[in-house]
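In: Predicted model and sequence follow; I will ask about them next.
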Amino acid sequence: MAGSDATGSDGGLDTDRHDADRRHAEHADVIIIGAGISGIDAAYRIREKNPDLTYLILERRERLGGTWDLFQYPGIRSDSDIFTLSFPWEPWKREEMIADGGHIWQYLADTAHKHGIDDHIRFNTLVQSADWDWTTHTWTLRADRVGTAAVYTTGFVVFASGYYDYDEPYVPSFTGIEDFAGEVIHPQHWPRGLDYTGKRVVVIGSGATAVSMIPALTERAAHVTMLQRTPSYMFSVSRVVPPINAIRRMLPARAGAWVARWILALFGSLIWLVSRTAPGLSKRLLRRTASRSLPPGYAVDTHFNPPYNPWDQRLCFILDSDLYKAVAAGDVEMITDHIDHFRRDGIVLASGRRVDADVVVTATGLQLQALGGVAVSVDGEKVAPNERFIYRRHMLEDVPNAAWSLGYTNASWTLGADLTARSVANLLAYMRSRGYAYAYPHLGDAHMPEQPAFNLQAGYVLRGADALPRSGTRRPWMLTHSYVRDVLSHRLGDSDRSLVFGRAGTSQSRSA
């Protein structure tokens, strides 16, 4: 693989500077970017399979936890069951199936400390660029550490930094929002200590964030309005599921967690499969649940019956029908309409109706971002993720010794992240056992038809499609969405010859 060579009078100076940076860099065999679920899992799996490898985790924030440290809004909780969201190697010990955000963060912190993972984290370290050098077969990572430049080198990098922009959430352009006299808040940047007691709160949005937040807001707010442009499908789940806990009590901790994990993973896969293959039946069942939970004569079709099929957008879990109960009790008003403009004391809708508000929460979604926003290059040549096919859900075409941890859109994030972590750990062990210095997936000249990377019609997916890598239509170049099929593929192995391996000081060679 040819790299770009520096030329001219400045080329030598650049090379000298880069060599000096590397000499003063902190080095580890593996560097993981991000100390959330994906990063902690990757650290454990890599060390489990390769106990003599050194590793570092570079975390931009002051604490670990990723999403579970960033989001602090009232009512934050898992939007999938905790038994598939928790690590297979560290059982969840509490009784609830749907867990509060604070409990999830504590679980992550306790787990990282128990296994010594927190000793390897460098906090307040924002990785800005990563460049692969073909002459040394190393990555050089440049970061900002509390205003000071820091340099790290590694043989393998794992991007465990999620899939959305931590700094800039998505907020539509609302006419006149600058005229609003109250507070406008995005859940991604919820202010600590915000007092909304006795205030009129309007939540704009109908996704997972909105439906988990709204029942919690009703405990202190004078009135809460859920203002949605389009309804979402709601699926009510119980916080605690006694049969699952009975199974856990009957078995040793790890075995009980394994059984619970698979029961719920299969149940989630079944719901998705039925929704995709029998959308009419799924729509009727979900509508019937809403109708039975709301007062007689309630406008179910206006506020809880979307114009699309289930799982065209992500199904929203509500907890013990809490949103339905809040609507039935009069604590929450549902409005399905478009916003025309803001005024000083609230919002004017397209229908002409006015909605008074003291606080407006824009639960309007995320901005997709690949590789944590890190500028990635190979021998100085920029890598654009959206121009590369993705291999086995976690490696980019022709990018050596690098992986990106991606979860599922239709299941728990950790299910996908753990498959990636184990794949990376196995790849490292394979390379070391055979003396390979690098590995990368190569598509070659074969024509590969494309399909959307994420199989959802959600706004954040449609807006951010250009940020995602390209997905092919056949394995291993397809961003898959079936956990069960992926597990079988990993267990049974794969006979593809798409990986290229090479040793230090030798020409690149293709190997099975």
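Out: Looks like it came in fine.

In: so where is the stretch 351-500 of the chain shaky, pLDDT-wise?
Out: 453-465, 490-496 (pLDDT under 70).

In: I misspoke; the intended subject was the chain.
Out: Within the chain, the stretches with pLDDT under 70 are 1-23, 453-465, 490-496, 505-512.

In: 80 - rerun?
Out: 1-24, 311-314, 409-410, 444-448, 450-467, 479-482, 484-485, 488-497, 505-512 (pLDDT under 80).

In: the longest helix in it is where?
Out: helix 253-277 (DSSP state H).

In: For that one, which helices and strands make contact with it?
Out: helix 82-85, helix 242-250, helix 279-293, helix 483-492 (3 or more C-beta pairs under 8 Å, 6 or more residues apart in numbering; DSSP states H and E). All C-beta spots, glycine's among them, are computed from the backbone N, C-alpha and C.

In: and of the ones you listed, who's closest to residue 260?
Out: Minimum separation from residue 260 across these (C-beta to C-beta) falls at helix 82-85, 4.3 Å.

In: what about stretch 168-182, how long is it end to end?
Out: Terminal residues of stretch 168-182 are spaced 21 Å apart (C-alpha to C-alpha, to the nearest Å).

In: list the buried ones in that stretch?
Out: Within stretch 168-182, the residues that qualify as buried by neighbour count (16 or more other C-beta atoms under 10 Å) are 169, 170, 174, 177, 180, 182.

In: picking that back up, enumerate the positions of the longest helix of the chain that are buried.
Out: Applying 16+ other C-beta under 10 Å to helix 253-277 flags 256-257, 259-261, 263-265, 268-269, 271-272, 275-276 as buried.

In: Could you provide the buried residues of stretch 168-182 in CSV, with additional columns for distance to residue 111 and secondary structure?
Out: Output for the buried residues of stretch 168-182, formatted as CSV (distance: C-beta to C-beta, whole Å; DSSP: H, G, I helix; E, B strand; the rest coil):
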residue, distance to residue 111, secondary structure
169, 28, coil
170, 31, coil
174, 41, coil
177, 41, helix
180, 42, coil
182, 40, coil
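
In: so which two of these are the farthest from each other?
Out: Using C-beta to C-beta, those span at most 20.8 Å, a distance reached by 170 and 182.

In: now residue 370: how far from residue 418?
Out: As for residue 370, its distance to residue 418 is 20 Å (criterion: C-beta to C-beta, to the nearest Å).

In: how about residue 353, what does it touch?
Out: Residues near residue 353 by C-beta atoms under 8 Å, 6 or more residues apart in numbering: 335, 337.

In: Against residue 227, how distant is it?
Out: Between residue 353 and residue 227 the distance, using C-beta to C-beta, works out to 10 Å.

In: Now list whatever residues contact both of those two.
Out: Common contact partners of residue 353 and residue 227 (C-beta under 8 Å, 6+ apart): 335, 337.

In: Now do the SS call for the spatially most central residue of the chain.
Out: Nearest to the mean C-alpha position of the chain, counting by C-alpha atoms, centre = their mean, stands residue 162 at 4.5 Å. The three-state assignment at residue 162 reads coil, by DSSP: H, G, I helix; E, B strand; the rest coil.

In: Was I right to think it contacts residue 33?
Out: No. Residue 162 is not in contact with residue 33 according to C-beta atoms under 8 Å; the separation is 10.0 Å.

In: contacting residues for residue 76?
Out: By C-beta under 8 Å, 6+ apart, the residues touching residue 76 are 100, 101, 212, 213.

In: returning to what we had before: and the helices and strands packed on helix 253-277, which is most packed in?
Out: Comparing the helices and strands packed on helix 253-277 by mean neighbour count (mean count of other C-beta atoms under 10 Å), helix 82-85 ranks first with a mean of 25.

In: Outside of that helix itself, list whatever touches it.
Out: In contact with helix 82-85 (C-beta under 8 Å, 6+ apart) are residues 37, 78, 92, 94, 96-99, 104, 244, 257, 260-261, 264-265, 268, 411-415.

In: That helix: what's the following helix or strand?
Out: Next along the chain after helix 82-85, taking DSSP states H and E as the criterion, comes helix 101-114.

In: Could you list the buried residues of that next one?
Out: So, applying 16+ other C-beta under 10 Å, buried residues of helix 101-114: 101, 103, 104, 105, 107, 108, 109, 111, 112.

In: Do I have it right that the second one meets residue 94?
Out: Right, the one you point to is residue 103. Yes. With contact defined as C-beta under 8 Å, residue 103 and residue 94 form a contacting pair (6.4 Å).

In: tell me the two of the contacts of residue 76 that are most distant?
Out: Among the contacts of residue 76, the pair separated by the greatest distance (C-beta to C-beta) is 100 and 213, at 12.5 Å.

In: Would you mind telling me which of those two has more residues around it?
Out: Using other C-beta atoms under 10 Å as the criterion, residue 100 and residue 213 rank with residue 213 on top: 25 against 18.

In: The more buried one: helix or strand, and which one exactly?
Out: helix 208-217.

In: quick one, that helix and helix 101-114 angle?
Out: 110 degrees (axes from the mean of the first three to the mean of the last three C-alpha atoms, to 10 degrees).

In: CA atoms only: put helix 208-217 into PDB for me.
Out: In PDB, the C-alpha atoms belonging to helix 208-217 read as follows (Å, rounded to 0.1, in the frame of the first residue of the first chain):
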ATOM      1  CA  ALA A 208     -36.700   7.500  23.800                       C
ATOM      2  CA  THR A 209     -35.400  10.600  25.600                       C
ATOM      3  CA  ALA A 210     -38.700  12.300  25.700                       C
ATOM      4  CA  VAL A 211     -40.800   9.300  26.800                       C
ATOM      5  CA  SER A 212     -38.300   8.500  29.700                       C
ATOM      6  CA  MET A 213     -38.100  12.100  30.800                       C
ATOM      7  CA  ILE A 214     -41.700  13.200  30.800                       C
ATOM      8  CA  PRO A 215     -43.100  11.000  33.600                       C
ATOM      9  CA  ALA A 216     -40.200  12.200  35.800                       C
ATOM     10  CA  LEU A 217     -40.800  15.800  35.100                       C
END
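
In: what packs against that helix?
Out: Judged by 3+ C-beta pairs under 8 Å, 6+ apart, the packing partners of helix 208-217 are strand 200-204, strand 223-228, strand 316-319, helix 322-328.

In: chain center to the first one: distance?
Out: Between the centre of strand 200-204 and the centre of its host chain there is 26 Å, according to C-alpha atoms, centre = their mean, to the nearest Å.

In: Tell me which residues are up against that strand.
Out: With C-beta under 8 Å, 6+ apart, strand 200-204 has contacts from 210, 213-214, 217, 221-228, 339, 346-347, 355-364.

In: Return a PyMOL selection command for the buried portion of those.
Out: Buried residues within the contacts of strand 200-204, by 16+ other C-beta under 10 Å, are selected in PyMOL with:
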select buried, resi 210+213+214+217+221+223+224+225+226+227+228+339+346+347+355+357+358+359+360+361+362+363+364
